[in-house]
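Asks: what shape does this take:
(one chain, ligands or ions: 2)
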Amino acid sequence: MKRNNSLEEIAAALRDARTVLLFPHIAIDGDTLGSSVALCAALRKAGKTAHVVVEETLPDMVSFLDKGYCTEDPKLPARPDVCICVDCNEYRRFPKRQTLFRSGALRVCVDHHKTSEPFFDLNYIDGDAAATAEIVYELISLLGIEIDKEIGGAIYVGLVTDTGKFQYSNTTQKTHLIAARLHEIGVRASDISILLYQNERMEKRLLESRILGDAERFADDRAVISRITQKMLRETGGRLDETDGVVEALRDIRGVEVACLLKEKSARTIKVSLRSKRDFDVAAFSAENGGGGHARAAGFTVRGRGIDAVKSLLMQQLADLFS
Ligand code: 5GP
Ligand code: MN
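Replies: Ligands and ions are numbered 1, 2, ... in the order given. From the prediction side, this is the model:
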């Protein structure tokens, strides 16, 4: 069994490295990409060759973060000194980049999911960090690299997205202190909010209205479930990668404790997103179904069943837990 290392050990490995590749998880979100971009920019500033390697088109919401850091090119560079998976710790979260990740002389994980276990050569998993971006802030500070407005902006994106705009129970004094430091160096929260939250495509809004229209409450209205089918995407022009905020809108309904959103990636591959308001541990529920995440936000993928079958199954499982 691998152990958790100190952040100083990871900083030391990065000081020695010349080439570093960063691996955000699939279904890219603000924290995984913001953290990867921040670290990549900082390492480049320190004279290293660094790239963020991705296997999907960046979601609209966070694509502004990529100022030449992200690449889909698997050929570059051969045998990197360090490969770091950011905000995840398993190959399933970066499936098409596994071989490249394994080619790293040293394999590192930086993550804040409580369901993550140390698995690679060096691991820093802090389940109490509100976002991986908090850890990356400390790592860059340990490396003695100055956090400028661009690096700070990327860190801020991780903080604001993973804490639901500083509203969730994972938000701590530390989260606010880091945000305050970023403000000091010129990161403007309102500018980033416009880029992240006030920049929606109309098609996304149309899709959202369909998802909300399809929502079904059950378990004495303490649970709610809805779905996105390929047909809904065709009819609205919406995309699967731009549904952020929708499962949260379902959770926000009065009386609802657990919200569930099913995404039909293909006929027999269904991505499940779960959110909870107070006590229901969706990370534990997701881990039982082969996924993971946080107590209040988690998910998993079901393969080999259609969306209707997954929906009935989930409703049954959740109704049992609430009875
Ligand atoms: P979302 O519902 O937004 O896709 O994910 C919510 C949270 O659960 C994120 O922190 C994400 O990393 C985690 N998560 C979602 N799907 C999976 C999964 O299949 N496996 C694991 N380990 N974590 C997941
Ligand atoms: Mn995160």
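Asks: quick check: pLDDT value at the closest residue to H176 other than its chain neighbours.
Replies: The spatial neighbour of H176 that comes closest, neighbours along the chain excluded (C-beta to C-beta, 6 or more residues apart in numbering), is F166 at 7.1 Å. Yep, even glycine has a C-beta here, placed from its N, CA and C like the rest. Reading off the confidence values, F166 has pLDDT 98.
Asks: any idea how far F166 is from T175?
Replies: Using C-beta to C-beta, to the nearest Å, one obtains 7 Å as the distance from F166 to T175.
Asks: overlap in contacts, these two.
Replies: Between them, F166 and T175 share the neighbouring residues L159, with contact defined by C-beta atoms under 8 Å, 6 or more residues apart in numbering.
Asks: tell me the contacts of the closest residue to ligand 2 within the stretch 201-323 of the chain?
Replies: Distances between the stretch 201-323 of the chain and ligand 2 by C-beta to the ion are smallest at H294, namely 7.9 Å. With contact set as C-beta under 8 Å, 6+ apart, H294 has these partners: H113, K114, N170, V282, A283.
Asks: same thing but at 7 Å, please
Replies: H294 sits next to H113, K114, N170, A283 when contact means C-beta atoms under 7 Å, 6 or more residues apart in numbering.
Asks: surely the second one touches A283?
Replies: Put plainly, it is K114. Yes. The pair formed by K114 and A283 meets the contact definition of C-beta atoms under 7 Å, at 6.2 Å.
Asks: ok, those two, which is more surrounded?
Replies: For K114 versus A283, neighbours defined as other C-beta atoms under 10 Å are more numerous around A283 (22 against 18).
Asks: so what's the residue count around L196?
Replies: The tally of other residues near L196 (other C-beta under 10 Å) stands at 20.
Asks: secondary structure element holding I84?
Replies: Using DSSP states H and E, I84 sits in strand 82-86.
Asks: contacts for that strand, please.
Replies: Residues external to strand 82-86 that are found in contact with it (C-beta under 7 Å, 6+ apart): 13-14, 17, 20-24, 32, 35-36, 94, 101, 104, 106-110, 132.
Asks: who does that strand pair up with?
Replies: Sheet pairing here is set by DSSP bridges, and for strand 82-86 it gives strand 19-24 (parallel), strand 106-111 (parallel).
Asks: need the winner for burial among those strands.
Replies: Each of those was scored by mean neighbour count; the highest is strand 19-24, a mean of 26, by mean count of other C-beta atoms under 10 Å.
Asks: can you name the next helix or strand after that one?
Replies: helix 30-45.
Asks: alpha carbons of the following helix or strand past that next one, as PDB, please.
Replies: Next in sequence after helix 30-45, counting helices and strands by DSSP H and E, comes strand 49-53. The C-alpha coordinates for strand 49-53 follow below in PDB (Å, rounded to 0.1, in the frame of the first residue of the first chain):
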ATOM      1  CA  THR A  49       9.000  22.300 -20.100                       C
ATOM      2  CA  ALA A  50       5.400  21.700 -19.000                       C
ATOM      3  CA  HIS A  51       2.100  20.800 -20.700                       C
ATOM      4  CA  VAL A  52      -1.400  20.000 -19.700                       C
ATOM      5  CA  VAL A  53      -2.400  16.900 -21.600                       C
END
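Asks: tell me the mean pLDDT over strand 49-53?
Replies: Per-residue confidence for strand 49-53 averages out to 97 on the pLDDT scale.
Asks: so which elements touch that strand?
Replies: Packed against strand 49-53 by the contact rule (3 or more C-beta pairs under 7 Å, 6 or more residues apart in numbering; DSSP states H and E) you find strand 19-24, helix 30-45, strand 70-71.
Asks: just the buried residues of it, please?
Replies: Burial within strand 49-53, assessed by neighbour count using 16 or more other C-beta atoms under 10 Å, is assigned to A50, H51, V52, V53.
Asks: now swap in stretch 254-273 and tell me
Replies: With burial defined by 16+ other C-beta under 10 Å, the residues of stretch 254-273 counted as buried are 256-264, 269-273.
Asks: adding secondary structure, write these out as TSV.
Replies: Supplementary listing: the buried residues of stretch 254-273 in TSV, determined by DSSP: H, G, I helix; E, B strand; the rest coil:
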residue	secondary structure
V256	coil
E257	coil
V258	strand
A259	strand
C260	strand
L261	strand
L262	strand
K263	strand
E264	strand
T269	strand
I270	strand
K271	strand
V272	strand
S273	strand
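Asks: domain ranges for the protein?
Replies: Following automatic domain parsing, one gets these domains for the chain: 7-197, 202-322.
Asks: enumerate the residues of the stretch 1-150 of the chain near ligand 1.
Replies: Remark: the part of the stretch 1-150 of the chain in contact with ligand 1 comprises H25, A27, T115, using C-beta under 6 Å from any ligand atom.
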